[in-house]
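**Student:** Next input, structure requested:
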Amino acid sequence: MGLLSIIRKHKLKDNELRVLVLGLDNAGKSTITKKLKNEDVNSVAPTLGFQINTIQFKEFNLNLWDIGGQASIRSFWGNYYDQTDVIIWVVDALSTERLGEVYEELRDKVLLQDRLKGVYLAILINKIDLISSEYQDSVKEKVEQVLELDSQIKDQSKFASFLVSGKSGHNLEEALNWIISREY
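**Tutor:** Just a heads-up that it's a prediction; the model follows:
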């Protein structure tokens, strides 16, 4: 058993998960992180680099690594992949014109990375509070279709998508429940 396996088993024994929060710039990663920490979400600045936050959710400590999504920072995402248990991938529901870019970045920088094989993926389709409820399901379908998750990830239990709001907190608890219910 290698050192990383030993560290991972010890970490999981302590109910601790390392979660990378990734996505394009302005998707709402920091807003979601702040909401999960019960902080004010009305004054959020773009993340330049990364921020580490630990939240307690039920019996788990979730170490959230909120990493900037600007194009100039994305090439450094790989520096944070080691020992990752879950990727939270945040998509801006209002920026459907950027879904092609979202797909390419998710595929190239996450799904095709050997160091992330076996990592769980929670897709949070954010800013849903700004979309009429009658269109929310169609936005979710469009995001799932463009990201091609069914064909990109063979094990369907490794990913799930959620309509969320970083501002109101809508569905964030459901996403965290899914994350902690996985088998690590």
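**Student:** So for the top helix by length along the chain, what gets flagged as buried?
**Tutor:** Identified as the longest helix of the chain according to DSSP state H is helix 133-147. Within helix 133-147, the residues that count as buried by 16 or more other Cβ atoms under 10 Å are 139, 140, 143, 144, 147. Any C-beta I mention is one placed from the backbone N, CA and C, and that applies to glycine too.
**Student:** Next, the contact list for the residue nearest to the first one when sequence neighbours are not counted, please.
**Tutor:** Closest residue to residue 139 in three dimensions, ignoring its sequence neighbours and counting by Cβ to Cβ, 6 or more residues apart in numbering: residue 93, at 5.2 Å. For residue 93, the contacting residues are 125, 126, 127, 128, 130, 131, 139, 143, 163, taking Cβ atoms under 8 Å, 6 or more residues apart in numbering as the criterion.
**Student:** cutoff 10 Å now
**Tutor:** Counting by Cβ atoms under 10 Å, 6 or more residues apart in numbering, residue 93 makes contact with 27-28, 124-131, 135-136, 139-140, 142-143, 163-165.
**Student:** now swap in residue 95 and tell me
**Tutor:** Residues near residue 95 by Cβ under 10 Å, 6+ apart: 24, 26, 27, 101, 102, 126, 127.
**Student:** And residue 135, how far from residue 148?
**Tutor:** Separation of residue 135 from residue 148 (Cβ to Cβ, to the nearest Å): 22 Å.
**Student:** and what of residue 173?
**Tutor:** Distance, residue 173 to residue 148, by Cβ to Cβ: 28 Å.
**Student:** so the most centrally placed residue in the chain is in which element?
**Tutor:** Nearest residue to the geometric centre of the chain (Cα atoms, centre = their mean): residue 88, 1.1 Å. Element membership of residue 88 [criterion: DSSP states H and E] is strand 86-92.
**Student:** So which elements touch that strand?
**Tutor:** In terms of contacts (3 or more Cβ pairs under 10 Å, 6 or more residues apart in numbering; DSSP states H and E), strand 86-92 is packed against strand 16-23, helix 29-36, strand 60-67, helix 99-106, strand 120-126, helix 133-147, strand 159-163, helix 172-180.
**Student:** Please consider this matter closed, and thank you.
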